[in-house]
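**Q** what shape does this take:
(chains A and B)
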Amino acid sequence: MKWFFKKKNEKKSNNTNPPPRNQEVESEPKQVLKRSLQHNIQTLKEALGKSSDIIYREIRIGKEGTIKACLIYTDGLTDTTSLQDFVMETLMFDFKKEDLQTEITLEHDLISILKEVVITVADIKDITSFEEMMTSLLSGDTIFLIDGYDQGLIISSKHWVERGVSEPEAQTVIRGPREGFTENLRVNTAMIRRKFKDPNLWMESKVVGERTKTNIAVVYIKNIANDKIVKEVLLRLDQINIDGILESGNIEELIQDSQLSPFPTVYNTERPDVVAAALLEGRIAILVDGTPFVLIVPALFFQYFQSAEDYYERSIIGSIIRLLRHLAFAISLLAPALFIAITTFHQSMLPPALLISLAAQREGVPFPAFAEALIMEITFEILREAGIRMPRSIGSAMSIVGAFVIGTAAVEAGIISAMMVIVVSITAISSFVSPSYEMAIAVRMLRFVFMALAASFGLFGITIGLIALVLHLCSLRSFGVPYMSPMAPFNLSDQKDTLIVLPKWKMSTRPRLISQKNNVRQQDSASAKPSPPKK
Amino acid sequence: MKKCIFGLLILSLLLSGCWDRRELNQLAITLAIGIDKVEDEYQVSAQVVVPSVVSTTSTGGGTMVTLYSARGETIYEAFRKMTKDSPRKIYPGHTRMLVVGEELAKEGIAESLDLVSRDSELRPDFYVVVAKENTAVNILNVTTPVENIPANKMFNSLKMSDNAWSGTKSIKLDELIEDLVSEGKEAVLTGVEIAGNQEQGSSKQNTESISPSARIRYDNLAVFKGDQLVGWLTEYETIGFSYITDSVQTSVKAISCPNEGKATIEVIQAKSELKGKIKNGKPVVNIKLNVEGDVGSVECKMNLNELKTIHSLEKIYEKEMQDNIKKTIATLQTNYKSDIFGFGEEIHRSNPKEWNTIKNNWEEQFSNLTTNVDVDLKILGTGTIKNSLLEKIKD
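**A** Model (predicted):
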């Protein structure tokens, strides 16, 4: 299959032949500010059109109020209160005082006086180009232009209404921090920074998207993360050439290794503690402005079975729950397929009492087992999808109808056998056990493939499907790291956090293939083991 | 182009799929098979579950099973002819009982066993029994209470009685075939009979009274010589047989008290060892039986607090058991001349050279065989009380 798509891709890229980046931008002459205020405002207005949210506040400053100036800001993105208190008040009221007047000489021009002495705002910058000015203005900063000067000032005044830090909705835990990322990149980086007082935590910024100019931060711990992977991540981010990035999912699609695999190779999370743990293992986090979902690479298969809570519970409990999760994965992938295979091909595998009971339930059911399973699975998928998209207030009505249609009525009408309802239900519940939504979707999709294989070849089909699945999983890589590691290639020391979770004092090394340098977490694991004080 | 052909090849695999697919409601689940011989033809009957009656939601009455029966020159032919009568194909994968009619058993069962051991759908783990003085079809025609599916009733009660009483012998098809083909060992099968009114046995009403008018019951042990039935062992002879062949799991035995009255020994564990040898050119078999048991009940005056009493009980048991075993062996030596114990195998094992000379007239040798029986009982406990209630009442 792979060669098939590869060739197609190559063809496509030959046809379109994308132009090299930045060519478009460079071809336009760079516009710079002129000395005339009127001209500068006019140019801005032409560029921005009739956008009603751009406010031009013309004022006059100086002792006699002779110098014309203009404050330009975007309404809604700017903190107008602090603009009034710290900028307009100083300019229009304090600046008229005598002592400041005298300092204006030829050496100290007005702009630098204003910047250095007058305006009481933390972040302030000079600008000369229109492009830079436009970007700042549209991200919420205030532009200050003075008549007679061919440069202006950017006064930082970003402030907009945003959602506060709240509990993450997708990855809930009983025990563990309740904070989740927000839509604001700065708040998100702060949440990570707050967990590390380490100068080695580096955050590299990037701007992606020609039109959205979305801010992205690549976060890693310098002396743990694998340099090659960091380089690869930065390279892939640089190669993105697109008009807009609205969610980290867009980035994920543009940088992931395998486009056609149902399995995710980039992990995402809403939880700062998960990101922090990943960073400590040597992984790299990609934060995207405007979404609470943070990407983590490299993402391996077994990572999708790890929940933050595994590490906060005692390891024995965590291990059992993780094993349960693997079992649930197998159930949600194979349960309907096994049921179909055994009841239609391998009846002799059933104990006599069970066979008779199943046969009694199927009596009068008009569909073959495969069709029956398909009907139920699709009905369930529709119900699930409706449950997510629907307004919350009608949710209860739907769950009643759903439970009634799926559960009781179909069985009572004799269309579906009771056992099939049980199988589909346990499958559905199992698929919700996965801590990662992406993995659950992948499994849901593959379940139908396995059902078809089971219906046509029985257990042989399932076996062939499993072999193909394992081959596929082993062929995947996430940023150069084998997807199935530490199972394939097998690594004994990394088994401590794969199927089970060993206690913290046993976690003396980092996953070997991910960080590849600075692998030791705690020097002497024997001394790390707690023991009661000796008398 | 190549890709297209490759894709089509993969897709064509799907076309061949499902050829042996059978839904559960296309099967006639057969739990018991009966084979009889009627006028040079085989009569095969299959006890098939009626799923709609088994299902809890249905309100319909009727019996849990139905019986299909057909005749044919061979058993396979008869099986297939059954579809004339049955709406679904007979699925014998879950067969639990194979009942052989006495007539057929007397003629020989080897031919009939060929199909049931050859067919890939049949598992050789079902029990084989002989319908005593009856036909298999009649046995399969009786409804049973408690276990509503007669085949399950037959299966479970044979298993339980073999386990707890040892008066029957549960023999699976593969064990039977092994006994039939092995040198120096003859086959046995438990007999099954109908107690009560056979005519009323097949209706559902049979199970609706506290005491059904017809019951299926195991009794006696069919002795084979070659593949032919030659006679029956009584219940106590069957127990003796079980002890000799080391197939007793638990059992009880009533013995006489030292004075008068009866006591029961509950056998917890029994182990027998057969040793064959040639003494003065004649085969001799030593049977060593080690039994462990408890005093199960005491229905006479006896002071169990004394070790002496326990020892005397052990002695009585050993004596009576020895008699039982000797009587069993004698019956077979004189009446049937059939070595169902596998004494021949023992001689073969211990003296392979001599065996070659005597195996041709083993039947004769067996009937004159000397056996030494040694029984050793260890009483481990007396239950939750020491002396019997009788002791106190009569004082």
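
**Q** quick one: mean pLDDT over stretch B:201-208.
**A** Taken as a whole, stretch B:201-208 has an average pLDDT of 84.

**Q** and if you look at stretch B:329-341?
**A** In the prediction, stretch B:329-341 has an average pLDDT of 92.

**Q** ok, stretch B:154-161 next?
**A** Per-residue pLDDT values over stretch B:154-161 give a mean of 93.

**Q** give me the domain ranges for chain A.
**A** With domains defined by automatic domain parsing, chain A comprises A:26-155, A:185-299, A:312-482.

**Q** which of those comes out lowest on mean pLDDT?
**A** The weakest mean pLDDT among the domains of chain A belongs to domain A:26-155, with a mean of 81.

**Q** hmm, back to that, nearest to B:Thr331, of the domains of chain A?
**A** Shortest distance between B:Thr331 and the domains of chain A, using C-beta to C-beta, is found for domain A:312-482: 36.9 Å. Using the backbone N, CA and C atoms, a C-beta is placed for each residue, glycine as well.

**Q** okay, the domains of chain A in CSV with mean neighbour count and distance to B:Arg80 next?
**A** What follows is the domains of chain A, written out as CSV (neighbours: other C-beta atoms under 10 Å in any protein chain shown; distance: least, C-beta to C-beta, whole Å):
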stretch, mean neighbour count, distance to B:Arg80
domain A:26-155, 15, 84
domain A:185-299, 18, 47
domain A:312-482, 18, 19
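
**Q** tabulate these (CSV), appending distance to chain B.
**A** As requested, these are arranged in CSV below (distance: least, C-beta to the nearest C-beta, whole Å):
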stretch, distance to chain B
domain A:26-155, 43
domain A:185-299, 16
domain A:312-482, 3
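
**Q** now tabulate these in CSV and tack on distance to A:Val520.
**A** Compiled in CSV, the domains of chain A are given as follows (distance: least, C-beta to C-beta, whole Å):
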stretch, distance to A:Val520
domain A:26-155, 41
domain A:185-299, 10
domain A:312-482, 19
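
**Q** before we move on, which element is A:Ser399 in?
**A** helix A:395-402 (DSSP states H and E).

**Q** list the contacts of that helix.
**A** Outside helix A:395-402, the residues within contact range by C-beta atoms under 8 Å, 6 or more residues apart in numbering or on different chains are A:383, A:386-387, A:390.

**Q** one more pass at 6 Å, please.
**A** By C-beta atoms under 6 Å, 6 or more residues apart in numbering or on different chains, the list of residues contacting helix A:395-402 from outside reads A:Leu383.

**Q** chain center to that helix, what's the gap?
**A** Going by C-alpha atoms, centre = their mean, to the nearest Å, the spacing between the C-alpha centre of helix A:395-402 and its chain's C-alpha centre is 31 Å.

**Q** ok now the helix or strand that comes right after that helix, how far from the chain's centre?
**A** Toward the C-terminal end, the helix or strand that comes next after helix A:395-402 (DSSP H and E) is helix A:410-412. How far helix A:410-412 lies from its chain's middle: 42 Å, per C-alpha atoms, centre = their mean.

**Q** then stretch A:307-320?
**A** Here stretch A:307-320 shows a centroid-to-chain-centroid distance of 24 Å under the convention C-alpha atoms, centre = their mean.

**Q** wait, B:Leu377 sits on B:Asn290?
**A** No. With contact defined as C-beta atoms under 6 Å, B:Leu377 does not reach B:Asn290; the gap is 8.3 Å.

**Q** who has more neighbours, those two?
**A** More crowded of B:Leu377 and B:Asn290, by other C-beta atoms under 10 Å in any protein chain shown: B:Leu377, with 22 against 14.

**Q** what's the pLDDT at that one?
**A** Here the pLDDT value assigned to B:Leu377 is 94.

**Q** quick one: which helix or strand includes B:Asp36?
**A** Assignment of secondary structure by DSSP H and E places B:Asp36 within strand B:27-38.

**Q** what is the orientation angle of the helix or strand following that strand with strand B:27-38?
**A** Tracing the chain C-terminally past strand B:27-38 and defining elements by DSSP H and E, one meets strand B:41-49 next. For the pair strand B:41-49 and strand B:27-38, the angle between their directions (axes from the mean of the first three to the mean of the last three C-alpha atoms, to 10 degrees) equals 150 degrees.

**Q** brilliant, that's me finished.
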